[in-house]
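*Asks:* I would like the atomic coordinates for the input below:
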Amino acid sequence: MTIDELTTRFPEIPADLRDEPLLAEFAEAFGPQLAIAEKPVACTVEQSAGNAFYMKLINPIGIYAIGLAKREAVLGQIQALVEGFRADPEGYAASLLPGGVSPVQVRGPGCE
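*Replies:* All right, here's what the predicted structure looks like:
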């Protein structure tokens, strides 16, 4: 995945991170996971793989975007993800999924 594809797919990525070379590495490393990542709805009772990938890979950036984390902290998290991936690409990507993920996102009762 390219940086343009990443920022188009996830508009919550703030503009000040878009020129970071580290973000481009992140997009390339986790392209397959980011391609299926999707933000879970508030009433999700069982997460899909896409939800889990969103929470691990994109959510920290979103937390920074709303001002609840410092830039250095989120860049450190992205760096740790990229380094983990470099050390063991297949194993690390698989480690991002918790056991027992649902094939699809399951919403709770009364959730539209």
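*Asks:* Can you show me the strands along this structure?
*Replies:* For the chain, applying DSSP state E gives strands covering 44-46, 106-107.
*Asks:* ok, Cys43 to Gln77 distance?
*Replies:* Between Cys43 and Gln77 the distance is 27 Å, computed by CB to CB, to the nearest Å. Where you see a C-beta, it was placed from the backbone N, CA and C, and this is true even at glycine.
*Asks:* So those two - more neighbours on which side?
*Replies:* Taking other CB atoms under 10 Å, Cys43 and Gln77 do not tie; Gln77 has more neighbours (18 against 12).
*Asks:* Tell me who's in contact with that one.
*Replies:* Each residue near Gln77 by CB atoms under 8 Å, 6 or more residues apart in numbering is listed here: Pro60.
*Asks:* separation between it and Gly84?
*Replies:* Distance from Gln77 to Gly84, by CB to CB: 11 Å.
*Asks:* Do a quick rundown of the helices in this structure.
*Replies:* 3-9, 21-29, 31-36, 49-53, 59-65, 71-87, 89-95 (DSSP state H).
*Asks:* And stretch 60-71, how far out from the chain middle?
*Replies:* 13 Å (CA atoms, centre = their mean, to the nearest Å).
*Asks:* Give the buried residues for that stretch.
*Replies:* Going by neighbour count (16 or more other CB atoms under 10 Å), the buried part of stretch 60-71 is 60-62, 64-65, 69.
*Asks:* Find me the pLDDT at Pro103, would you?
*Replies:* The model reports Pro103 with a pLDDT of 87.
*Asks:* Backbone dihedrals for it, please?
*Replies:* Main-chain torsions, Pro103, degrees, to the nearest 10: phi -60, psi -30.
*Asks:* Check the burial of it by counting its neighbours.
*Replies:* So Pro103, with other CB under 10 Å, has 8 neighbours.
*Asks:* Let the chain start at 146 from now.
*Replies:* OK, 146 is where the count begins now, so the last one is Pro248.
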